[in-house]
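S.K.: task: produce atomic coordinates for the following.
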Amino acid sequence: MIENIDKILSSVSKPSWYIGTELNTVHKSRDIHTRVAYCFPDLYDVGMSHLGMKLLYHMMNERDDLWCERVFAPNTDMEELLRKTNTSLFALESKDPLREFDFVAFTLVYELSYTGILNMLDLAGIPIYAKDRTENDPIIIAGGPCMCNPEPVADFFDVIDIGEGEENLNELFDLYKECGKNKAEFLEKAKNIRGMYVPNHGEKQEKVTRAVIEDLDSAYYPDKLVVPFAQAVHDRISLEIMRGCIRGCRFCQAGMIYRPYRQKSVERLKSDAVKLCESTGYDEISLLSLSTSDFQKLPELAESLREYCIPRKISLALPSLRIDNFSKEISDEISSIRKTGLTFAPEAGTQRLRDVINKNITDEDIERSCKIAFENGASAVKLYFMIGLPTETDEDIIGIAQTAQQVVEYFYKYATNRSRGISVTISCATFVPKPHTPFQWEAQLTLDEIQRRQDLLKRSITSKKVHLKYHDADTTVLEGVFARGDRKIAQLIEAAWRLGCRLDAWTEHFDFSRWQKAAEECGINFYDYTARKRSFDEQLPWHFVDIGVTKSFMQRECEKAYNAETTPNCIEKCSGCGMNKICKGDVCP
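M.R.: Numbering: from 1, shown residues only. Down below sits the predicted model:
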């Protein structure tokens, strides 16, 4: 245990981030067989909002032979103190240094957290490269959605878990026990576990097949969550109602890598919700999925939760609603419980471009959904769009502003109560071609072109009822480099970290000039990774990762995009993506 921990915690601005005694934390004996330091390479309030970390933390701690503890990236004041006092980064629950653990595991949710990996390992006194670590160093693991292309960070890790950790992590820890903590033997045998990629030991694996849970009802889900002392970004219960998506939007990585579409039963969800409310005291439940209104028994689920929530003044949030299947029934259920606003994602401002990306919604769908929402009392709507999608023109950009203005006009046409007025927020991201999507071969906008299109959109908004938020253009370029990068990018990440880059997802910490200097030092041109269009025949860095969706399907979808030809959703017709062996009997005929 860190000896001077009390003095350190009394000197930082948010000591509650590092105390580790929150409600529902797990404390065990240090002499347990396997110890895991579970790391989130960003600040506490972000990491404590991530469902995957909450879920796996409790799942691992269900084992009698394992103790999993949490570790978050320290804020700048804490890092300064750790370095000044020569104190190792420690796990929250035991306050033990990370180098004393058997495993140091990172969950990687977004690419801009990559420098956090190196900073946390360095603060723990652990060599950042796998090749420099010895038998006595912890085994360093990565997982999370970013690992569908693990190559940019592969040199830093001993094992990378590709897929759903609930499916294969217990098998990995069983193997570690069987090997008697023999690291070399463990790494060699770990290659035989579905989803496990061992990038720096022996011959490179020719193929790594993603681990997938087939039945969500039988999968582990916690009956309690750690409740933070300080408010997290998403300080509520996240109730995962389904995994995967039936839609097939061509830009969406999550919609591809989380296939197949799997639903939980209403009975299981009601049971989970009640247990979590009673064990945490939260007064809000958010139904989590990629497309909540595609949950086939949503009205039944909402009614079931309403019976429990209303007497207890617990609110229900339904993010990720589809415009084309938003119904009065759904709206009635939402309005019967304390509302938190409505969110829709048209993604593109014109019908032509929505067909290109296979969004499969129409202007009529938008009007119908707005009518239902406004007649039921809604007065705030958030709309998600993207710029830079393949084949996009200036007309499509202007169409985003026009769509938002049309929503304002629908409010004054259909609202039964206009006293509060209408607020429409456009949240506009820039398209990044992601691995394992039909658009993975496409070119990304240059920095200058991103800024030009953002300025055009800003000028096109004339109503004070419409508010615009858009992602920083610099970070979008960098995200594109990481998303489709190869092993050379590890050098870039290290160089940028040594120049002071960390907490890059935060505007106040992000410094693009440092990344540009690092790229110059490494001889890397950002636009070689982002602005270059790939051919279908090019071997991409992530070619060996088999997510289950076939290359031939993605190529067909890309070709259809250029003809603005849509593909029906999975319930209407199986599109032959390659996952039908698992989802057959659920959505496939």
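S.K.: so where is the chain shaky, pLDDT-wise?
M.R.: In the predicted model of the chain, residues 320-341, 581-589 satisfy pLDDT under 70.
S.K.: tell me how it divides into domains.
M.R.: As given by automatic domain parsing, the domain ranges for the chain are 5-209, 549-583.
S.K.: what's the end-to-end length of the first one?
M.R.: When you say that, I think you mean domain 5-209. End-to-end span of domain 5-209 (CA to CA, to the nearest Å): 43 Å.
S.K.: then stretch 194-212?
M.R.: Using CA to CA, the two ends of stretch 194-212 sit 9 Å apart.
S.K.: residues of it that come out buried?
M.R.: For stretch 194-212, the neighbour count (16 or more other CB atoms under 10 Å) marks 195-201, 208-212 as buried. The C-beta positions use only the backbone N, C-alpha and C, and glycine is treated the same way.
S.K.: swap in stretch 561-578?
M.R.: By neighbour count on 16+ other CB under 10 Å, the buried set for stretch 561-578 is 561, 566-567, 569-570, 575, 577-578.
S.K.: closest one of these to R250?
M.R.: Within the buried residues of stretch 561-578, the smallest distance to R250 is 5.5 Å, found for A561 (CB to CB).
S.K.: quick check: that closest one touching R354?
M.R.: No: using CB atoms under 8 Å, A561 is not in contact with R354; the gap is 11.3 Å.
S.K.: ok so, going back, just the buried residues of stretch 194-212: which are in strands?
M.R.: 196-197, 208-209 (DSSP state E).
S.K.: ok so, going back, quick one: closest of the domains of the chain to G244.
M.R.: Comparing the domains of the chain by their distance to G244 (CB to CB), the top pick is domain 549-583, with 7.7 Å.
S.K.: which residue is the nearest non-sequential neighbour of the residue nearest in space to the middle of the chain?
M.R.: In the chain, the centroid-proximal residue (CA atoms, centre = their mean) is V109; its distance is 4.6 Å. Leaving aside its sequence neighbours, V109 sits nearest to G144 (CB to CB, 6 or more residues apart in numbering; 5.3 Å).
S.K.: so what secondary structure elements neighbour the helix or strand hosting R556?
M.R.: Element membership for R556, per DSSP states H and E: helix 551-561. Packing partners of helix 551-561 (3 or more CB pairs under 8 Å, 6 or more residues apart in numbering; DSSP states H and E): none among the helices and strands.
S.K.: cutoff 10 Å now
M.R.: Packing partners of helix 551-561 (3 or more CB pairs under 10 Å, 6 or more residues apart in numbering; DSSP states H and E): helix 253-257, helix 351-356.
S.K.: how about T209: what's its closest non-neighbour residue?
M.R.: Once flanking residues are discounted, T209 sits nearest to D546: 4.6 Å by CB to CB, 6+ apart.
S.K.: and that neighbour, how many neighbours?
M.R.: Using other CB atoms under 10 Å, D546 has 18 other residues around it.
S.K.: next up, the contacts around it.
M.R.: Residues in contact with D546 (CB atoms under 10 Å, 6 or more residues apart in numbering) are 162-163, 195, 207-210, 436, 578.
S.K.: then F553?
M.R.: Contacts for F553 (CB under 10 Å, 6+ apart) come out as 248, 256, 438, 567, 575-579.
S.K.: if we use 7 Å, what do you get?
M.R.: 576-578 (CB atoms under 7 Å, 6 or more residues apart in numbering).
S.K.: ok, now F512?
M.R.: Residues near F512 by CB under 7 Å, 6+ apart: D474.
S.K.: number of residues surrounding the residue nearest to S460 when sequence neighbours are not counted?
M.R.: Among residues not flanking S460 along the chain, A401 sits closest, at 3.7 Å (CB to CB, 6+ apart). Neighbourhood size, A401 [other CB under 10 Å]: 22.
S.K.: which residues does A401 contact?
M.R.: 457, 460-461.
S.K.: between these, which has the most around it?
M.R.: Counting neighbours by other CB under 10 Å, L457 leads the contacts of A401 with 23 neighbours.
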